[in-house]
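**Student:** Following is a predicted model, sequence given first.
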Amino acid sequence: MKIFVLNSGGSSVKFKILKMPAEEEIASGKVEKLGSKDAIFHLNYDNDSLKEILEIKNHGEAINHILETLIKPEIKVLNKYQEIDVVGHRVVHAGENFTGSVMIDQKVMDTIRDSFDLAPLHNPPNLKGIEIFKEILPETPMVAVFDNAFHAEIPDYVRTYAIPYKYYKKYSVRRYGFHGITFDYMTDRAAEILQKDKNDLKLFSLMLGSGCTANAFKDGKSYEVSTGFTPLEGLVQSTRSGDVDPAAILYLMRKEDLSVDEMDRILNKESGWKGISEISSDFRKIVEAYEDGNKMAELAIKTAVHRAQKYLGAYTAVMGGLDAVVFAGGVGENSVLLREKICSNLEHLNIKIDKKANQDLKGEGIISAEDSEVKIVVVNTDEEVVIARESYNKVV
């Protein structure tokens with residue numbers, strides 16, 4: 001069975017075609033730097049690869065370019081689109097409507113659309129991908145794998161906000177948590193690397209990419225998560241603010257005469273390390289500026305590090321201990337600087353980073369010092385494999 005997995009993120013589109021249930025990769029790739037004239041398209045297939053730099057304005061153009069490339073005679077990953085047996089889609093948010101993976105029908109599509117305001121950076125491109133495939137392959141089954149399903153069992157006292165409870169009963173306003181697909185993979189893979197049963201581990205996981213989430217994992221399931229009702233809450237992210245005093249937001253709206261939609265855009269698309277540094281949403285450019293002595297880049301990095309360390313301390317407390325810190329995501333897997341800064345000066349929590357191991361790491365592995373009681377693990381996350389598994393299990 002050939003399963004095409006589509007993962008439309010906030011600033012990128014990733015895909016993978018797998019032969020299931022063997023989990024054998026047929027092709028994979030991604031489009032980065034969406035919305036720019038120098039977007040980057042990567043394709044890996046049949047022991048070969050392709051890289052293109054071209055203008056891609058949005059997610060729809062990216063998905064269409066991927067599909068058109070796959071059937072080119074000189075590429076020929078697919079002879080025709082009908083070779084795809086199932087399409088698995090990552091979907092970020094649908095409130096409390098779905099707690100697991102579901103077959104996609106019009107009702108599911110309408111629910112995703114109705115939830116645009118809950119995940120404005122992700123749900124629209126998620127739905128766009130579904131619509132494109134529905135047009136190309138109208139008879140092919142499609143599965144929605146929801147990003148918050150991993151956190152479905154967090155305790156009621158963790159997910160409840162201290163606002164009038166009637167708003168939960170009326171609008172389901174509560175903590176949901178995100179990046180669950182990644183955390184599903186991270187916790188399994190970290191346990192393999194540590195050669196431990198994941199049910200016996202207390203893990204603090206950091207998914208650091210364009211979007212960022214911290215997760216506390218114990219007793220074999222998600223216990224706490226930094227992202228909340230939407231992906232906006234929690235850590236400093238590329239363009240999302242993370243935690244902000246709500247009164248500060250109201251103050252700015254009054255002072256600047258901002259509408260709700262304008263403030264929504266500022267918090268989701270103009271904040272984070274981009275907003276602090278006034279440089280870029282690309283963390284690599286923040287690091288370059290920091291190394292050149294840029295003070296605003298330094299402030300952005302320090303703010304992101306402090307927020308991550310604060311969550312690490314808090315989650316260690318509520319879990320009653322910690323066995324490992326786990327990094328994943330485009331930034332978490334590739335930024336030596338950020339990993340080192342987050343894990344430095346934490347000896348009081350029995351966390352010691354091996355700076356050389358961190359610097360020299362290729363791929364994934366353990367980067368903690370030999371005498372560190374708490375291990376530090378880097379995992380190369382593979383959300384697409386998780387989505388393929390869920391999709392396969394849904395249709396067989």
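**Tutor:** Cool, got the structure.

**Student:** What residues of the biggest helix by length in the chain count as buried?
**Tutor:** When the chain is parsed with DSSP state H, its longest helix is helix 295-319. Applying a neighbour-count criterion of 16 or more other Cβ atoms under 10 Å, one finds 297-298, 300-301, 303-305, 307-309, 311-312, 315-316, 319 buried in helix 295-319. In this view, the C-beta of every residue, glycine as well, is placed from N, C-alpha and C.

**Student:** Enumerate residues external to that helix that contact any of its residues.
**Tutor:** 202, 204, 206, 208, 214, 216, 218, 223-224, 226, 234-236, 242-243, 273, 276-279, 286-287, 289-290, 322, 325, 337-338, 341-342, 346, 349 (Cβ atoms under 8 Å, 6 or more residues apart in numbering).

**Student:** Out of those, list just those in strands.
**Tutor:** Among those, the ones falling in strands (DSSP state E) are 204, 206, 208, 214, 216, 218, 223, 224, 325.

**Student:** Give me the buried entries from those.
**Tutor:** Buried members of the ones in strands among the contacts of helix 295-319, counted by 16+ other Cβ under 10 Å: 204, 206, 208, 214, 216, 218, 223, 224, 325.

**Student:** Relative to residue 179, how far out is the second one?
**Tutor:** When distances are taken as Cβ to Cβ, to the nearest Å, residue 206 and residue 179 turn out to be 10 Å apart.

**Student:** Give me the common contacts of those two.
**Tutor:** 213, 215.

**Student:** so what's the closest residue to residue 172 other than its chain neighbours scoring on pLDDT?
**Tutor:** Closest residue in space to residue 172, ignoring its immediate chain neighbours: residue 96 at 4.8 Å, by Cβ to Cβ, 6 or more residues apart in numbering. Here, the pLDDT recorded for residue 96 equals 87.

**Student:** Wait, residue 96 touches residue 173, no?
**Tutor:** No. Look at residue 96 against residue 173 with Cβ atoms under 8 Å: they stay out of range, at 10.3 Å.

**Student:** Specify which residue of the two has the higher count of neighbours.
**Tutor:** Using other Cβ atoms under 10 Å, the more surrounded residue of residue 96 and residue 173 is residue 173, with 18 against 11.

**Student:** Report how many residues lie close to residue 190.
**Tutor:** Neighbourhood size, residue 190 [other Cβ under 10 Å]: 27.

**Student:** so how far is residue 381 from it?
**Tutor:** The gap separating residue 190 from residue 381 is 10 Å, by Cβ to Cβ.

**Student:** okay, now residue 29: neighbour count?
**Tutor:** Residue 29, neighbours per other Cβ under 10 Å, totals 21.

**Student:** Buried residues in the host helix or strand of it, which are they?
**Tutor:** Under the criterion of DSSP states H and E, residue 29 resides in strand 24-32. By 16+ other Cβ under 10 Å, the buried positions in strand 24-32 come out as 25, 26, 27, 28, 29, 30, 31, 32.

**Student:** ok, the first one touching residue 16?
**Tutor:** Yes. Here residue 25 reaches residue 16: they are 6.4 Å apart, a contact under Cβ under 8 Å.

**Student:** before we move on, back to that, which one of the ones in strands among the contacts of helix 295-319 sits closest to residue 168?
**Tutor:** residue 224 (18.1 Å; Cβ to Cβ).

**Student:** Show me what the closest one bridges to in the sheet.
**Tutor:** residue 216 (DSSP bridges).

**Student:** domain ranges for this protein?
**Tutor:** For the chain, the structural domains run 2-146, 197-378, going by automatic domain parsing.

**Student:** Out of these, which is closest to residue 395?
**Tutor:** Nearest of the domains of the chain (Cβ to Cβ): domain 2-146, 5.4 Å.

**Student:** chain center to the closest one, what's the gap?
**Tutor:** On the basis of Cα atoms, centre = their mean, to the nearest Å, domain 2-146 sits 15 Å off its chain's mean C-alpha point.

**Student:** Can you tell me the number of residues neighbouring residue 266?
**Tutor:** 18.

**Student:** Where do the strands of this protein begin and end?
**Tutor:** So, for the chain - with DSSP E - the strands run 2-8, 13-19, 24-32, 36-45, 48-56, 86-91, 102-103, 142-146, 203-208, 212-218, 221-225, 324-328, 365-366, 375-378.
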